[in-house]
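# Turn this into a model:
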Amino acid sequence: THTESDWKVPRKHEYNASASPCQAFHSLLLNVPDFLPRHPQHLPVHPKFLPTTDWDWTIDPMGIRMCCREITSRYDLPIVISENGLGAFDKLEDGQIHDPYRIDYLRNHISEMKKAIAMILLGVMSLSLLTGCGKKEETPAVSDTAQETSISAPEEVPVSEPEIPAVPEGMARSYLTGEWIDETIANQRPLAVMLGNTKIATPQYGITDADVIYEAAVEGQETRLMAIFQDYANLEKVMSIRSCRHYYVHWALEFDAIYAHYGQAKYAVEILSQDYVNNLSGLDGGVEKVMYKRDSNRKAPHNAYTTGEGIVAGIAYKGYETQHAADYSGHYKFVEDDNQQLFLQGGSPAAVVEPGYLVNKPWFVFDSETGLYKRFQNGAAQTDGNNGKQVEVKNIIIQICEWNRMSSEDEYLNMETMKGGSGYYITNGTAIPVTWKKDSLQSPTRYYKEDGSEIQLNQGKTWVCVTEDTYADKIALYSSEEEYANR
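Alright, predicted model coming up:
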C-alpha cells in the first residue's frame, strides 16, 4: 500500500527512465494486452518451455530484446535493466569454480541487447550484472531534498551490416560442425564409418568423436549408424565396424567422405565399384591388413575395429585424395556468430524427441544447461566405450523418406534418397517442420523451412534420423520429460 508521503519525490521530478528487474521482463511482456495479437511471431513457445536456471528463473535472452523494443515504442524512455544475473549452484573443482554457463548467459543477453540498440536506437542507461541474489539489504530512505538528475537524450546508434567474425590464428571453420578447428584439417575430406547398432554391438567406440551421425533402418528394422569424422587421424578406437548398405553411400557422398565398412550387402556392390566412391572395405585383403583388427572380447561380426593410425594407413594404401576440391562449399549452413544461438520461432516444444524406430526405440532429451540433446536407446543412455560418456548433439534432423524392399526374396531395404520429402529440424528444445530434397547422387540434401528458405544449423554436432514414411506416425515430440514419462 502506498501512502501520500511515498509520492512526494516522484511528483517533484519528471520520469526520464523505465526500470525493471530482468526476471520481470517476460511477465511484463505477457501482460501487455495488445502485444501478442500484433506480434504472435515473437513468442514461439510458452515461457514454461524455456530453459531455466538452478533457481527456476527462465533464461530468455531474446525476451529482453523483445521487451526493450515494446517498452521503448510505448514510452520512449531509456531503460534500466537490473538483476540480470545467473543464479547457479556452483561446484568447487580442484579448489576452483569454473562457470562457462554464467559467461554464456551474460554473453547471450548482452548480444541481444546490442541488437535492440541497433534496431530501435535504444538508450540503455545501465546494466547491473549480478551473479546471484543474496540476503536482501535494507533499502535506504529517499531524502526529500534529492537532487534532480538530468539525463541527456540517447545518441543515435548507426545500424550496420553484421561484422564478419575474425578468423582465429591457425583456425578455420569445420564443414561438419561450423566450429573453429585446426586449419590443417579443415579442408580434409572426412571419414564416414559404418557402425553396428544392435544391443550386442554396443557400446560403440569412438562415437562421441563423430561430428555427424546418420541413422536408418536396415533389414529386420534394426538401425545402423554412419559416423562421420573430421579429425580421424587421432581416433583411439572405432568399433564395431559393420557392412555397407547402398543408401548410406549416397549420404557419404554428400560430404565428399571416404567411406569405411566391413563388407557389404549384394545390392551395394555396384555403387561401391564406381570410381567416385572411395571406400575402405575390410574384405579388401590389403586394406584389412593395414587398417582393421578384431577385438577378442566380442564375437564376430561385431568386433571389427580400427584406429586413427589404421585409417591413415588404409587411405595411403588405396592412394585416395585426402583434400576437398577447390570448389567444395560444404553441406550445411551454420550460424556464423560464435556468440549467438539460434532459437527456432513458430515451432513445437521438443524437450524429448522420439524419431520413430521400432526396435531400439531411441529418444533424445534436451539438457537446458548444456544446450545439447542426450541420446538414449534400448532403455538406457547411449555411451562411448572409449570414455564412458553419453552421446550428445546440438542439432537433430528427422528426414522422412519413402522406402521399399529390394526384393521379395530377402529383407534388404531401399531408401529413396532422391525423392525428397518432409521432416523436422530440432535444436534448443524446439522443432520446426521442414521439407528436403536432393538434386543428384553426390549433391547434399537440402532442408527448407515453410517459407522456402534453407535452414541454418546451430554450431555443433548433428544427428540425422532417416525415418521411413510408413512409420512417420511414430515420431513424437514432448514438451517435458514428465510428459514423455506419462505418454
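# what about His302, neighbour count?
His302 has 18 neighbours, counted by other CB atoms under 10 Å. Using the backbone N, CA and C atoms, a C-beta is placed for each residue, glycine as well.
# Bridge partners for Gln323, pull those for me.
Beta-bridge pairing for Gln323 (DSSP bridges): Gln188.
# what residue ranges in this structure score low on pLDDT?
Under the criterion pLDDT under 70, the flagged ranges of the chain are 1-50, 55-56, 69-70, 72-76, 83-85, 115-116, 118-165.
# In space, not sequence, find me the middle residue of it.
Residue closest to the mean C-alpha point of the chain, counted by CA atoms, centre = their mean, is Lys394 at 2.3 Å.
# Who's the closest spatial neighbour of that one, skipping the chain neighbours?
Gly460 (2.8 Å; CB to CB, 6 or more residues apart in numbering).
# quick one, helices of the chain?
The residue ranges that make up the helices of the chain, judged by DSSP state H, are 8-12, 25-30, 35-38, 61-75, 100-120, 183-186, 246-254, 269-272, 285-291, 308-318, 481-485.
# quick one: the last one to chain centroid distance?
Using CA atoms, centre = their mean, to the nearest Å, the distance from the centre of helix 481-485 to the centre of the chain it belongs to is 21 Å.
# quick one: buried residues of that helix?
By neighbour count with 16 or more other CB atoms under 10 Å, helix 481-485 contains the buried residues Tyr484.
# Output it as CSV, restricted to C-alpha atoms.
Extracted C-alpha coordinates of helix 481-485, given in CSV (Å, rounded to 0.1, in the frame of the first residue of the first chain):
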residue,chain,number,x,y,z
GLU,A,481,10.4,-35.3,-19.6
GLU,A,482,7.3,-35.6,-17.4
GLU,A,483,5.1,-35.7,-20.4
TYR,A,484,7.3,-38.3,-22.1
ALA,A,485,7.3,-40.4,-18.9
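# rewinding a little: what's the distance between the residue nearest to Lys394 and Gly178?
From Gly460 across to Gly178, the span is 7 Å (CB to CB, to the nearest Å).
# higher neighbour count, the two?
Here Gly460 and Gly178 are set side by side on neighbour count (other CB under 10 Å), and the busier one is Gly178, at 24 against 20.
# Would you mind confirming that the more buried one is in contact with Tyr332?
Yes. Applying CB atoms under 8 Å as the test, Gly178 and Tyr332 come out as touching, 7.1 Å apart.
# can you list residues touching both of those two?
Counting by CB atoms under 8 Å, 6 or more residues apart in numbering, the contacts common to Gly178 and Tyr332 are Leu457.
# on that earlier part again, can you pull the contacts of the residue nearest to the centre of the chain?
If you count contacts by CB under 8 Å, 6+ apart, Lys394 has them with 371-373, 427, 457-462.
# ditto for Ser422
Taking CB under 8 Å, 6+ apart as the test, what Ser422 contacts is 400, 433-436.
# Distance to Tyr320 and neighbour count for those residues - can I get that in CSV?
Listed next are those as CSV, based on distance: CB to CB, whole Å; neighbours: other CB atoms under 10 Å:
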residue, distance to Tyr320, neighbour count
Ile400, 33, 22
Pro433, 39, 15
Val434, 33, 22
Thr435, 34, 15
Trp436, 29, 21
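# could I get those residues as TSV with distance to Thr417?
Putting the contacts of Ser422 into TSV (distance: CB to CB, whole Å) gives the following:
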residue	distance to Thr417
Ile400	12
Pro433	20
Val434	16
Thr435	15
Trp436	10
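# among the residues you listed, which are in strands?
Among the contacts of Ser422, the members found in strands (DSSP state E) are 400, 433-436.
# Count residues in the vicinity of Ser408, would you?
Residue crowding around Ser408 was assessed by other CB under 10 Å; the count is 5.
# and what of Glu309?
13.
# Now do it against Asn278, distance only.
With distances taken as CB to CB, Glu309 is found 19 Å from Asn278.
# Show me what Thr52 is bridged to.
Beta-bridge partners of Thr52, as defined by DSSP bridges: Thr58.
# isn't it right next to Ile59, touching?
Yes. Counting by CB under 8 Å, Thr52 does reach Ile59; the two are 6.4 Å apart.
# residues bridging contact with those two, i.e. touching both?
The overlap between the contact sets of Thr52 and Ile59 (CB under 8 Å, 6+ apart) consists of Ser368.
# residues near the spatially closest residue to Gly286 that is not a sequence neighbour, how many?
In space, not counting the residues next to it along the chain, Gly286 is nearest to Tyr317; the distance is 5.8 Å by CB to CB, 6+ apart. Residues contacting Tyr317 under the criterion other CB under 10 Å number 15.
# which ones are touching Tyr317?
Listed by CB under 8 Å, 6+ apart, the contact set of Tyr317 reads 286-287, 290-291.
# hmm, which of these are the buried ones?
Buried residues within those, defined by neighbour count using 16+ other CB under 10 Å: 287, 290-291.
# nearest to Asn404, of those?
Distance ranking of the buried ones among the contacts of Tyr317 against Asn404, using CB to CB, places Val287 first at 31.9 Å.
# show me the contacts for the closest one.
Counting by CB under 8 Å, 6+ apart, Val287 has contacts 280-281, 314, 317-318.
# ok, 6 Å please
Counting by CB atoms under 6 Å, 6 or more residues apart in numbering, Val287 makes contact with 280, 314.
# That one and Asn458: what is the separation?
The gap separating Val287 from Asn458 is 36 Å, by CB to CB.
# With Gln442 instead?
The spacing between Gln442 and Asn458, counted by CB to CB, is 26 Å.
# and those two? which has more neighbours close in?
Asn458 (21 against 13).
# The more buried one and Thr427 touch, don't they?
Yes. In terms of CB atoms under 6 Å, Asn458 counts as a neighbour of Thr427; the distance is 5.0 Å.
# Between the two, which contacts overlap?
Each of Asn395 lies in contact with both Asn458 and Thr427 under the rule CB under 6 Å, 6+ apart.
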